Every structure is written in structure tokens, then in C-alpha cells.
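J.: Pasting the sequence and the predicted model now:
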Amino acid sequence: MAHPFVTESNILHRDMRCEHLKVVSGEGIRYHLGSGKSISDATCGPSVSILGHGNQEVTDAIIAQLGTIQYVYSGAPLTSEPSEALAKFLLEDRPGGLSKGIFVNSGSEATDAALKLVTQYWHEIGEPNRKFIISRKQSYHGNSIGSLSFVDPCYSFRAKKNGESDAAYVERLRQQLEDTFQRLGPNNVAAFMAEPQSGTTLGCVTATPGYFKMVRDICDKYGALLVLDEIICGMGKTGTMHAWEQEGIRGPDVQTIGKVLGAGFVPLSGVLVHERVFQALVGGSKALLHGHTFQAHPLACAAALAVQKIVRRDNLLENVCEQGLILEKQLRERIAPLPYVADIRGRGLFWGVELMRDPQSKEPFDRSDNFCGKVVDVAMDLGLNLLGSLGHSGELQVDHVIVAPPYIVEEADVVEI
Ligand code: PLP
């Protein structure tokens with residue numbers, strides 16, 4: 001391995017097997033290391049830095065905010081200009097009926113806020129029995145909750161049977177989901193939660209056509225809320241502002257966002273709430289029973305507002321779609337023929353490459369091979385930052401690397417990556 005084990009750092013690093021390379025500055029899609037070497041950031045970190053590094057406009061917006069008010073506790077009765085402006089900017093078109101926002105610091109907090117909101121919703125409207133959240137195996141919604149994994153994900157590459165049509169596969173998943181509702185008691189289910197495009201666990205898997213329509217219909221049939229986790233796949237990553245827009249559904253009741261929302265300038269995540277859910281709170285206790293010391297932080301909101309204004313002004317979602325097509329072509333022509341490459345899937349600028357010991361028979365690597373980690377190490381030696389899976393995802397071993405370059409990427413960068 002290129003980076004020897006060291007113990008000098010006082011940080012308890014997540015991976016203790018390697019030396020961590022210190023990034024001292026950044027520019028565009030590149031990180032500059034203390035050693036003088038530069039690295040192309042092919043994944044925006046864990047899918048965050050969509051404007052690349054060192055954007056002056058966003059930096060100026062943060063400095064301007066620092067010059068006015070750096071912190072407001074948005075509990076009650078105070079709020080701040082940038083948080084109000086950001087919520088207005090994101091929700092002025094009421095996408096899918098989403099009309100209110102909550103801003104928190106991390107995706108994990110957003111998941112917690114979303115699930116507490118769902119529980120509160122059912123209390124407010126007099127159905128406190130609705131406590132169960134159905135989610136999918138091999139999903140990741142954050143660090144702070146135990147994911148409640150009840151049903152299978154939509155993962156046609158590994159789960160679809162030979163000769164099975166898309167429709168038959170979705171029907172099989174529908175049956176399992178309905179069985180789960182019946183087992184828990186339909187009136188006990190508060191919500192179904194899923195990522196519209198799976199992120200770090202399965203590696204950018206897109207849903208089989210018709211899957212989310214089926215999920216929306218089942219939620220409606222049993223009165224449960226649909227919570228979509230767009231923390232990693234949302235805010236333009238797949239080519240539309242919200243990933244669910246490509247699934248032909250009217251939208252979720254609650255949606256989480258994060259990562260690219262503030263593009264990593266200051267941490268920020270959020271929860272978007274459908275007007276119907278909001279009305280239940282207004283018609284009930286008139287309070288959201290959730291809060292954090294640093295919620296809706298003015299610096300984070302000012303940074304995110306600047307980021308999102310740039311995305312809109314510079315038509316960056318068009319670039320996501322254009323460069324996404326180039327990235328797909330490059331992956332299919334140049335990466336797909338390589339040994340161990342089993343599947344390539346994605347949308348926009350959010351692509352996953354699944355690796356297997358034998359792609360033909362779909363035999364995965366052993367967990368102990370850490371194959372994916374080795375690929376990421378080799379890429380790093382070559383000056384490319386990729387996001388690798390930890391390999392195992394619940395019952396399945398899913399080695400994959402994610403390629404998710406910034407929205408500002410140009411064709412030459414894509415080809416190089
Ligand atoms: N949800 C999804 C889909 C994620 O990919 C992540 C992080 O990767 C999270 C939630 C948790 O976000 P955070 O790491 O900001 O807590």
C-alpha cells in the first residue's frame with residue numbers, strides 16, 4: 001500500500017491502516033497536498049463539493065454574512081435573513097407540494113428530524129399507533145439512527161431473476177412491501193423511507209422503471225407517508241433538482257437533502273416538508289418538536305444560498321446532464337471492458353461501477369479481499385480521488401466505486417477521470 005501506517009496524528013481516524021494525506025488548498029476540481037502533489041476530486045468528497053474548491057463568490061457570501069451576524073439561535077422567536085432566503089429560494093416553486101424546510105447540520109440529523117416529524121405528524125392527526133418506519137435493506141440514512149430494514153431494495157442487477165421482466169420484478173417487490181404492511185398492521189405504519197437512487201451502500205443503483213410509482217401507490221393505499229432520502233442523490237446530482245422527478249411520481253411527503261446543498265463550504269442539510277404535513281402541525285400543537293443548537297446556521301445558509309444561486313444562474317444542471325452523458329460513454333467504452341467490472345449504472349453526474357471477482361457468474365469478492373479499497377488506493381496514487389464502498393452492505397458484498405465529479409466539470413476533466 002502506498003501510504004504507510006502512522007500513529008502521529010491525534011485524530012482518531014476512521015481508517016487506521018494508512019497515513020492520511022494533508023490537503024492544504026484546492027482549486028476547481030483539484031486538491032493540492034502538502035507534498036506538492038495535486039489530486040483530481042472525481043467524487044466531490046462523498047458527493048459534496050459540486051462547485052469544486054475555492055469558489056470566490058461563495059467565500060465572499062460567507063464573509064459578508066460574518067460581517068453582519070454570525071450566529072442566531074433559530075429556536076424561538078429569532079430567525080435569520082439567510083435561512084429565510086434559502087428556504088424561499090428552494091421552495092418557491094413548491095416542488096411536488098413541498099412548502100417548508102428545516103435546516104440542520106448533517107444528513108444524519110436530517111434523517112432524525114424527518115423521522116421525528118413523521119411520528120409527530122401522526123400524533124397531531126390522532127393516529128399515534130403509526131410508529132413503524134419501513135425502510136430497505138442495504139440502505140444508508142445516516143449514523144444516528146438504527147436503520148429499520150424490512151424490505152429488499154430495488155436492485156435489479158443482483159436481484160432480478162433470469163428472464164424476469166421489469167414489471168414482474170417490481171410486482172415481486174410490491175408483494176413483499178404489501179406483505180410487510182400487513183404484517184405490521186397497515187394502521188401502524190408511519191412511513192416508508194428510501195433513497196430514490198441508492199448511494200454509498202449499493203453504489204448509485206437507479207430504480208427499475210415503475211418501482212417508485214408502485215411505492216407511492218402503496219403508501220397512498222395504506223395512508224403512510226413517503227420519506228425520500230435525497231441527501232446523496234439530490235439537489236441536481238442526477239440531472240434534475242430532485243431525483244424523484246425522474247420517477248414519474250407526484251413527490252414525497254417528506255424529503256431530506258444535504259451534502260451538495262452547501263457544496264461543503266459550511267456543513268448544511270435539511271428536511272423539506274409537504275404542505276399537508278405542515279398543515280397537520282399548524283392545526284395541532286403549532287410546534288415542531290425537534291431542534292438543534294446550530295440549526296439553520298446563518299453562515300451555512302448564506303453559503304448554501306450562494307451555491308444554489310450559482311447552480312441556477314450558470315445552468316449547472318444542464319452541464320450535469322451534458323457531462324453526465326460523456327461520463328457514461330467513457331465508463332461504458334473504457335471502464336466496462338476491464339477485468340472485474342460487473343456493472344455500470346447511474347444518472348447525471350452520479351455513477352457507480354460494481355466490481356466482482358467473476359462478473360460472468362456474479363461471484364462477489366470476499367469481504368477480506370478489500371478489493372474496492374485497493375482500487376481506491378491505486379487511483380489515489382495516480383492522482384484521482386474516488387469514493388469506494390466499504391464493500392459489504394447488509395447480507396450482500398457489493399464492491400463498488402462511485403464517480404461523481406463536480407457540476408463545473410468540463411469534458412477534458414471527465415475524460416481524464
Ligand atoms: N443519507 C444518505 C443517503 C447518505 O448518503 C448519508 C451520508 O453519506 C447520510 C444520510 C448521512 O449524512 P451525514 O454523513 O451528513 O450525516
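T.: Done, it's in. All figures in this text were calculated on a predicted structure; none of them were measured in a lab. Residues are numbered from 1 along each chain as shown.
J.: Look up the pLDDT of the closest residue to the ligand within the chain for me, please.
T.: Using Cβ to the nearest ligand atom, Gly107 is the residue of the chain that sits closest to the ligand, at 2.1 Å. All C-beta atoms are positioned from the backbone trio N, CA, C, and that covers glycine. On the pLDDT scale, Gly107 is placed at 96.
J.: Flag every residue of the stretch 201-350 of the chain that's near the ligand.
T.: For the stretch 201-350 of the chain, the residues in contact with the ligand (Cβ under 6 Å from any ligand atom) are Asp229, Ile231, Ile232, Gly258, Ser269.
J.: run the last query once more with 5 Å
T.: Taking Cβ under 5 Å from any ligand atom as the contact definition, the stretch 201-350 of the chain meets the ligand at Asp229, Ile231, Ile232.
J.: need those in JSON lines with secondary structure, neighbour count and pLDDT, can you?
T.: Below are those laid out as JSON lines (DSSP: H, G, I helix; E, B strand; the rest coil; neighbours: other Cβ atoms under 10 Å; pLDDT from 0 to 100):
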{"residue": "Asp229", "secondary structure": "strand", "neighbour count": "29", "pLDDT": "97"}
{"residue": "Ile231", "secondary structure": "coil", "neighbour count": "28", "pLDDT": "97"}
{"residue": "Ile232", "secondary structure": "coil", "neighbour count": "28", "pLDDT": "97"}
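J.: give me every residue that touches the residue of the chain closest to the ligand.
T.: For Gly107, the contact set (Cβ atoms under 8 Å, 6 or more residues apart in numbering) comprises His141, Gly142, Ile231, Ile232, Thr256, Gly258, Lys259, Ser269.
J.: which stretches of the stretch 1-150 of the chain form helices?
T.: Along the stretch 1-150 of the chain, the segments classed as helices by DSSP state H, counting those that start in this stretch run 44-47, 56-66, 81-91, 107-124.
J.: Determine which of those approaches Arg347 most closely.
T.: The closest of these to Arg347 is helix 44-47. By Cβ to Cβ, the value is 12.9 Å.
J.: Name the residues of that closest one that are buried.
T.: Buried residues in helix 44-47, defined by neighbour count with 16 or more other Cβ atoms under 10 Å: Cys44, Pro46, Ser47.
J.: could you point out where the stretch 101-250 of the chain is predicted with low confidence?
T.: With pLDDT under 70 as the threshold, the stretch 101-250 of the chain has low-confidence stretches at 143-149.
J.: Now do the phi/psi pair for His400.
T.: Main-chain dihedrals, His400, degrees, to the nearest 10: phi -150, psi 160.
J.: one step back: any idea how far the residue of the chain closest to the ligand is from Leu396?
T.: Gly107 is 23 Å from Leu396, where distance means Cβ to Cβ, to the nearest Å.
J.: repeat for Ile231
T.: Applying Cβ to Cβ, the value for Ile231 to Leu396 is 21 Å.
J.: and the gap between the closest residue to Ile125 other than its chain neighbours and Cys44?
T.: Counting by Cβ to Cβ, 6 or more residues apart in numbering, Ala280 is the residue found nearest to Ile125 once chain neighbours are left out, at 5.1 Å. With distances taken as Cβ to Cβ, Ala280 is found 36 Å from Cys44.
J.: what do you get for Arg216?
T.: 29 Å.
J.: ok, Cys321 - contacts?
T.: The contact partners of Cys321, by Cβ under 8 Å, 6+ apart, come to Gly239, Gly348.
J.: quick one: it is in a helix?
T.: Yes. Under DSSP: H, G, I helix; E, B strand; the rest coil, Cys321 sits within a helix.
J.: List of residues touching stretch 75-87?
T.: 65, 68-69, 72, 74, 100-101, 103, 291, 295-298, 301-302, 304-305, 308.
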